[in-house]
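**Student:** Build me a model:
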Amino acid sequence: MTDVASAPAIPPNTLSKKATVSWMFFDWAAQPFHTVILTFIFGPYFAHHIATSGAQAQTSWAWAVAIGGIIIALLAPILGAISDATGPRKPYIAIFSFLAIAGAFSLYFATPGTENAVIIALIGLVVAMIGFEFAAIFNNAMMPDLVSREELGELSGNGWALGYVGGVTSLIFILAFMATSDPETGKTLIGLNPLFGLDGTTYEGDRASGPFTAIWYLIFVTPLFFFVPDVKKRQARKSAISLGLHKLAATIKTLPERKSYFAFLLSSLFYRDGLNALYAFGGIYAAGVLGLSVTQVGIFGIIAALAGAIGSFIGGKMDKKFGPKPVVAFSCLVLVLACLLVVSTTQTYILFVIPVDASSGAPLLTFYFAGTLIGAFGGSIQAASRTLLVHQVRHEEVTEAFGLYAFSGRATAFIGPIAVALATGWSGSQQIGISPIVVLMLLGLIGLYFVKQKGPA
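**Tutor:** Numbers count the residues shown, from 1 in each chain. From the prediction side, this is the model:
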């Protein structure tokens, strides 16, 4: 049955360049949450200056991320189905953007030495995480209304690349002008006093990364609301909730019959779990096996992010030319090889059998090369996956599909870490312990065989 309301709000070929660029800037706006808050600035600040011990920091941070992930996993498909029934996505983006901004801004009030600092930081983290993740789901669902299906890959790749650049740009700015690098003087990485009168000796610039991320997001997400068209209203909200829930139940019930769609969700589950575990354990592996310093690991992260921007951009071009499935499959294969390169490298040998001197820089260069591959093809696989998902569903199912995509990723995010933990504990070796990531990537690659390049229109 054809749903007349499923047509795009505006034919893609009539949209201005301003609309597509404004949509892409969502990735630029949101990426600092992952780069600045979760990884490089606020996370380490929480561990060193808020939590009472490293063990408490790791445990409480992990529980906060897990709780946020569970909430996202449970609600994403439901809200996606309801959104498809109601029509417009901007109201949902606005609501969750408010949560993202409020949660990120509140992190500033996690002051060292205060009674509720840990609680404030963790609640702020969960609220911000939910806001950013849900806003991204509804933003992704707008893609098919902006360009033709043949151009989706390039749009997704360019957006993902812009996100990587935004993350690195915001990180460099905070390191250079806000965060404390020298505890004795309170100076930043380039020897300046923190901007805005922030007190570097009390790490005020580090916790100000929260408001910085909130303001950055508010500024750069605003064009989306002015220049990106939205679909028209389809149902009254009250009836849409019932309709959306019934439709979601029907989709889940019939999912095994939609073999390509089902295969993609399963396949992406494995390779996304593998990629996330690779990101999570790469720095720990580098420090433990190769003896890299924190600075060297940081350089590795910046190289990987810049490579991710380039890989996403080129991957988008390849997606437009060959389609998303070959890009995802080739990226998955290269990531398997990059994982093997990492696992086979220590301070004394490369590729398991090539010996090197203890003073040689070859292992470090090999690891940086592998990191470049992981960054580049990790970016392209994630960008092309957005496109491949859109090709698996009908136009009126896109938001629900991204909700299920988020569910499949969040609900099984424990697979990679548990596999690494069990393999490491059983073997007592970091090299063997990280090898399950290769298996996860291979399972994802095998699953892609059953995914069709083009699905329902």
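**Student:** Lowest mean pLDDT among the helices and strands of the chain, which one is it?
**Tutor:** strand 349-350 (a mean of 74; mean pLDDT, DSSP states H and E).
**Student:** name the helices or strands packed onto that one?
**Tutor:** When contacts are defined as 3 or more CB pairs under 8 Å, 6 or more residues apart in numbering; DSSP states H and E, strand 349-350 packs onto helix 362-390. Where you see a C-beta, it was placed from the backbone N, CA and C, and this is true even at glycine.
**Student:** Which strands and helices lie in contact with the longest helix along the chain?
**Tutor:** Longest helix in the chain by number of residues (criterion: DSSP state H): helix 54-86. If you count contacts as 3+ CB pairs under 8 Å, 6+ apart, helix 54-86 packs onto helix 117-140, helix 237-254, helix 398-411.
**Student:** Taking helix 237-254 as reference, get the angle to it.
**Tutor:** With axes from the mean of the first three to the mean of the last three CA atoms, to 10 degrees defining the directions, helix 54-86 sits at 110 degrees from helix 237-254.
**Student:** State the next helix or strand along the chain beyond helix 54-86.
**Tutor:** Per DSSP states H and E, the first helix or strand lying C-terminal to helix 54-86 is helix 90-106.
**Student:** tell me which residues in the longest helix of the chain are buried?
**Tutor:** Using 16 or more other CB atoms under 10 Å as the test for burial, helix 54-86 gives 57, 60-61, 64-65, 68-69, 71-73, 75-86.
**Student:** now stretch 105-115
**Tutor:** For stretch 105-115, by 16+ other CB under 10 Å, it's 105, 106, 107, 108, 110, 111.
**Student:** Output it as CSV, restricted to C-alpha atoms.
**Tutor:** C-alpha atoms of stretch 105-115 as CSV (Å, rounded to 0.1, in the frame of the first residue of the first chain):
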residue,chain,number,x,y,z
PHE,A,105,26.5,22.7,30.4
SER,A,106,25.8,21.2,33.9
LEU,A,107,29.2,19.5,33.8
TYR,A,108,30.8,22.9,34.8
PHE,A,109,29.3,22.6,38.2
ALA,A,110,31.1,19.3,39.0
THR,A,111,33.7,21.2,41.2
PRO,A,112,36.5,19.3,42.8
GLY,A,113,36.1,18.8,46.5
THR,A,114,32.3,19.5,46.6
GLU,A,115,29.9,17.0,48.1
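**Student:** Identify the residues contacting that stretch?
**Tutor:** Here stretch 105-115 makes contact (CB atoms under 8 Å, 6 or more residues apart in numbering) with 37, 42, 46, 49-50, 117-118, 120-121, 123-125, 127-128, 202-203, 207-211, 214.
**Student:** With stretch 265-272 instead?
**Tutor:** Taking CB under 8 Å, 6+ apart as the rule, stretch 265-272 contacts 255, 332, 335, 381-382, 385, 389, 404-405, 408-409, 412, 415, 440-441, 443-448, 450-451.
**Student:** quick check, distance from that stretch to the centre of its chain.
**Tutor:** Relative to the mean C-alpha coordinate of its chain, stretch 265-272 is positioned 14 Å out (CA atoms, centre = their mean, to the nearest Å).
**Student:** about what we covered before: can you give the strand pairings for the least confident helix or strand of the chain, parallel or anti for each?
**Tutor:** Strand 349-350 has its sheet partners listed here by DSSP bridges as strand 354-355 (antiparallel).
**Student:** How about the contacts made by the residue nearest to residue 140 when sequence neighbours are not counted?
**Tutor:** Excluding its sequence neighbours, the residue lying closest to residue 140 (CB to CB, 6 or more residues apart in numbering) is residue 402, at 4.9 Å. Residue 402 makes contact with 76, 80, 137, 138, 140, 141, 389, according to CB under 8 Å, 6+ apart.
**Student:** Mind doing that once more with 7 Å?
**Tutor:** Contacts for residue 402 were tallied using CB atoms under 7 Å, 6 or more residues apart in numbering; they are 80, 137, 140, 141, 389.
**Student:** Same question for residue 368.
**Tutor:** With CB under 7 Å, 6+ apart, residue 368 has these contacts: 300, 303.
**Student:** any idea how far residue 420 is from it?
**Tutor:** 22 Å (CB to CB, to the nearest Å).
**Student:** ok so, going back, are any of the contacts of stretch 265-272 buried, and which?
**Tutor:** The neighbour count (16+ other CB under 10 Å) marks 332, 335, 381-382, 385, 389, 404-405, 408-409, 415, 440-441, 443-445, 447-448, 451 as buried among the contacts of stretch 265-272.
**Student:** follow-up on the earlier one: take the helices and strands packed on helix 54-86 and write them to CSV, including distance to residue 343.
**Tutor:** Shown next, in CSV, are the helices and strands packed on helix 54-86 (distance: least, CB to CB, whole Å):
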stretch, distance to residue 343
helix 117-140, 31
helix 237-254, 37
helix 398-411, 24
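**Student:** May I see these organised as JSON lines, with distance to residue 349 and mean pLDDT added?
**Tutor:** Converted to JSON lines, the helices and strands packed on helix 54-86 look like this (distance: least, CB to CB, whole Å; pLDDT from 0 to 100):
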{"stretch": "helix 117-140", "distance to residue 349": "40", "mean pLDDT": "94"}
{"stretch": "helix 237-254", "distance to residue 349": "49", "mean pLDDT": "78"}
{"stretch": "helix 398-411", "distance to residue 349": "35", "mean pLDDT": "87"}
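**Student:** So what's the residue count around residue 252?
**Tutor:** 13 (other CB atoms under 10 Å).
**Student:** Residue 87 too?
**Tutor:** Neighbour number of residue 87 under other CB under 10 Å is 19.
**Student:** Now do the same for the closest residue to residue 411 other than its chain neighbours: its pLDDT.
**Tutor:** Closest residue in space to residue 411, ignoring its immediate chain neighbours: residue 73 at 4.3 Å, by CB to CB, 6+ apart. At residue 73, the model reports a pLDDT of 87.
**Student:** What are the neighbouring residues in contact with residue 73?
**Tutor:** With CB under 7 Å, 6+ apart, residue 73 has these contacts: 407, 410, 411.
**Student:** Quick one: the helices in the stretch 201-350 of the chain, in order.
**Tutor:** 204-207, 209-227, 237-254, 259-289, 294-322, 324-343 (DSSP state H, counting those that start in this stretch).
**Student:** and the gap between the residue lying closest to residue 336 once chain neighbours are set aside and residue 48?
**Tutor:** The shortest distance from residue 336 to any non-neighbouring residue, by CB to CB, 6+ apart, is to residue 441 (4.7 Å). As judged by CB to CB, residue 441 and residue 48 stand 33 Å apart.
**Student:** returning to that earlier point: ok, of the helices of the stretch 201-350 of the chain, where does mean pLDDT dip lowest?
**Tutor:** helix 237-254 (a mean of 78).
**Student:** and that one, what does it pack onto?
**Tutor:** helix 54-86 (3 or more CB pairs under 7 Å, 6 or more residues apart in numbering; DSSP states H and E).
**Student:** just how off-centre is the helix it packs on within its chain?
**Tutor:** 13 Å.
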